[in-house]
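Asks: I would like the atomic coordinates for the input below:
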Amino acid sequence: MNDLALLLTPEGRALLDEVRDTDPARELAVATRLRREHPAELVSAALGQARLRQRAAVKFGAEDAGRMFFTPNGVEQSTRASVAAYRARRMADSGVTSVADLCCGIGGDAIALARAGIRVLAVDRDPLAAAAARANADALGLAGLIEVREADVTEVDTAGYDAVFVDPARRGGRGRIFDPEAYSPPLSWAVSAARRAPHAALKIAPGIPHEAVPEDAEAEWISDGGDVKEAVLWFGTEPGAVRATLLPGPRTLLSRALPDPPVRPPGRYLYEPDGAVIRAHLVAEVADQVDGGLLDATIAYVTADAPRPTPYATAYEITDHLPFNVKKLKALLRERQVGTLTVKKRGSAVEPEELRKKVKPQGPNAATVFLTRVAGAPAMLIGHPA
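Replies: Sure, this is the predicted structure:
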């Protein structure tokens with residue numbers, strides 16, 4: 001709290017501007033120089049905040065991150081700005097004009113909601129997180145739309161708001177928490193709070209079991225740039241709906257409750273579904289789009305005979321299908337002068353780096369090898385992006 005208070009002073013803000021682009025390798029020299037003119041505590045706080053801003057640029061963009069205030073947990077746990085903006089647009093499009101943002105952290109989601117024109121009550125029981133959220137709303141010119149309150153979210157009355165957004169803490173002293181009832185607050189409490197509001201969104205880990213999704217909720221898995229970021233339980237939208245949304249776009253694939261695709265021999269093309277599609281259990285929908293089947297009943301690789309572009313999977317043209325054999329793979333790569341080898345695996349215990357060391361790829365050409373199973377048998381499929 002003291003560090004943040006120091007940084008919010010005119011001297012602290014000026015020092016933050018001065019150290020903005022400090023190379024971590026030069027921190028000691030910079031700190032030594034600055035301590036001749038500024039208190040040591042302030043210099044340390046400014047350099048620490050500069051490091052956090054540099055890390056946060058990946059999530060928030062350099063312009064916003066360069067003005068915001070972060071805590072180490074805030075950088076780690078904040079929603080990526082593109083994902084928060086997508087969720088905020090969904091709420092605004094549903095007619096939501098006010099949201100109680102519970103467990104707001106440093107205010108990343110509150111910022112996205114306010115930028116969508118939504119009035120926000122941002123609540124967190126951590127004094128430092130609440131102070132950072134307040135400072136961020138002010139720094140980005142959104143203080144008129146964001147009220148920050150330091151409080152226990154379980155004691156906040158949300159009756160006057162169109163919607164509730166809850167982002168429970170999913171990290172503890174020992175790292176990531178996988179049991180939804182061990183979230184803080186527990187998922188069951190968040191669901192109860194959601195059911196009391198006309199609209200609600202609960203941010204949860206993408207690995208949540210489908211059987212843990214309430215029947216009256218819509219479940220959405222979101223990826224950004226191919227990386228799965230989160231799952232969201234929506235209330236007041238389409239109960240029972242399941243979807244995968246890919247950013248940028250957005251592109252959304254909705255479940256049609258299709259049966260599992262058939263297992264079939266490898267065709268000329270392999271489709272690797274996006275991670276959000278896999279988490280949402282929508283591989284069958286992708287297989288239907290490309291008129292394909294599965295290489296193995298337990299693995300999310302789709303095979304087909306023809307190229308049929310889909311935004312929900314990456315297509316590869318397969319040139320070779322072999323039983324798993326390191327010596328044969330090494331000989332094939334040497335024959336084709338493959339020096340750039342991308343190794344992908346599902347259903348294989350082989351580690352990509354270990355395989356690269358054994359096959360020693362050399363040459364001007366590139367290839368992708370898939371280590372997987374075909375109808376239960378270990379196999380290698382070699383190809384390249386279609």
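
Asks: When you work out contacts or count neighbours from here on, use the C-alpha atoms and nothing else.
Replies: Fine.

Asks: ok, Lys59 touching Gln77?
Replies: No: in this structure Lys59 lies outside contact range of Gln77 using C-alpha atoms under 8 Å: 10.3 Å.

Asks: in the stretch 201-350 of the chain, which ranges drop under the pLDDT threshold?
Replies: Within the stretch 201-350 of the chain, the set of residues satisfying pLDDT under 70 is empty.

Asks: hang on, Lys357 in a helix?
Replies: Yes: when the secondary structure is assigned by DSSP: H, G, I helix; E, B strand; the rest coil, Lys357 falls within a helix.

Asks: what number of residues lie near it?
Replies: Other residues within reach of Lys357, judged by other C-alpha atoms under 10 Å, total 9.

Asks: separation between it and Gly236?
Replies: According to C-alpha to C-alpha, to the nearest Å, Lys357 and Gly236 sit 53 Å apart.

Asks: Distance check, Leu128 against Ala300.
Replies: With distances defined as C-alpha to C-alpha, the gap from Leu128 to Ala300 amounts to 43 Å.

Asks: between these two, who's got more neighbours?
Replies: Under the criterion of other C-alpha under 10 Å, the comparison of Leu128 against Ala300 puts Ala300 first, with 24 against 20.

Asks: contacting residues around that one?
Replies: When the contact criterion is C-alpha atoms under 8 Å, 6 or more residues apart in numbering, the partners of Ala300 are 272-273, 278, 283, 294, 346.

Asks: Mind doing that once more with 7 Å?
Replies: When contacts are counted by C-alpha atoms under 7 Å, 6 or more residues apart in numbering, Ala300 touches Val283.

Asks: what's the answer for Lys229, then?
Replies: Under the criterion of C-alpha under 7 Å, 6+ apart, the contact list for Lys229 reads 222-223.

Asks: Can you name the element that comes right after the helix or strand where it lies?
Replies: Taking DSSP states H and E as the definition, one finds Lys229 inside strand 227-235. The helix or strand immediately downstream of strand 227-235 is strand 242-247, counting by DSSP H and E.

Asks: Sheet partners, orientation included, of that following strand?
Replies: Strands that pair with strand 242-247, judged by DSSP bridges, come out as strand 218-224 (parallel), strand 251-254 (antiparallel).

Asks: any idea which of the ones you listed is most buried?
Replies: Across the strands paired with strand 242-247, the average number of neighbours (mean count of other C-alpha atoms under 10 Å) peaks for strand 218-224, which reaches a mean of 24.

Asks: Please export the C-alpha coordinates of that strand as PDB.
Replies: Presented in PDB, the C-alpha positions along strand 218-224 are these (Å, rounded to 0.1, in the frame of the first residue of the first chain):
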ATOM      1  CA  GLU A 218     -24.500 -21.300 -20.800                       C
ATOM      2  CA  ALA A 219     -20.900 -22.500 -21.000                       C
ATOM      3  CA  GLU A 220     -18.400 -20.800 -23.200                       C
ATOM      4  CA  TRP A 221     -14.800 -21.600 -23.700                       C
ATOM      5  CA  ILE A 222     -12.600 -18.700 -25.100                       C
ATOM      6  CA  SER A 223      -9.300 -18.800 -26.800                       C
ATOM      7  CA  ASP A 224      -7.200 -15.800 -28.000                       C
END
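
Asks: got the angle for that strand vs strand 227-235?
Replies: Between the axes of strand 218-224 and strand 227-235, defined by axes from the mean of the first three to the mean of the last three C-alpha atoms, to 10 degrees, the angle is 160 degrees.

Asks: What is the distance between strand 218-224 and the centre of its chain?
Replies: Relative to its chain's centre, strand 218-224 lies at 10 Å (C-alpha atoms, centre = their mean, to the nearest Å).

Asks: what do you get for stretch 297-305?
Replies: So, by C-alpha atoms, centre = their mean, the centroid of stretch 297-305 is 25 Å from its chain's centroid.

Asks: How about stretch 311-321?
Replies: Mean-position distance between stretch 311-321 and its chain equals 24 Å (C-alpha atoms, centre = their mean).

Asks: what's next to it, contact-wise?
Replies: The list of residues contacting stretch 311-321 from outside it, by C-alpha under 7 Å, 6+ apart, reads 268-274, 277, 286, 380-386.

Asks: go on, stretch 337-357?
Replies: Residues beyond stretch 337-357 that count as contacts (C-alpha under 7 Å, 6+ apart) turn out to be 299, 361-373.

Asks: host element of Ala200?
Replies: Judged by DSSP H and E, Ala200 forms part of strand 199-204.

Asks: Just checking: what are the partner strands of that strand?
Replies: Each strand paired with strand 199-204, and its direction, by DSSP bridges: strand 163-166 (parallel), strand 227-235 (antiparallel).
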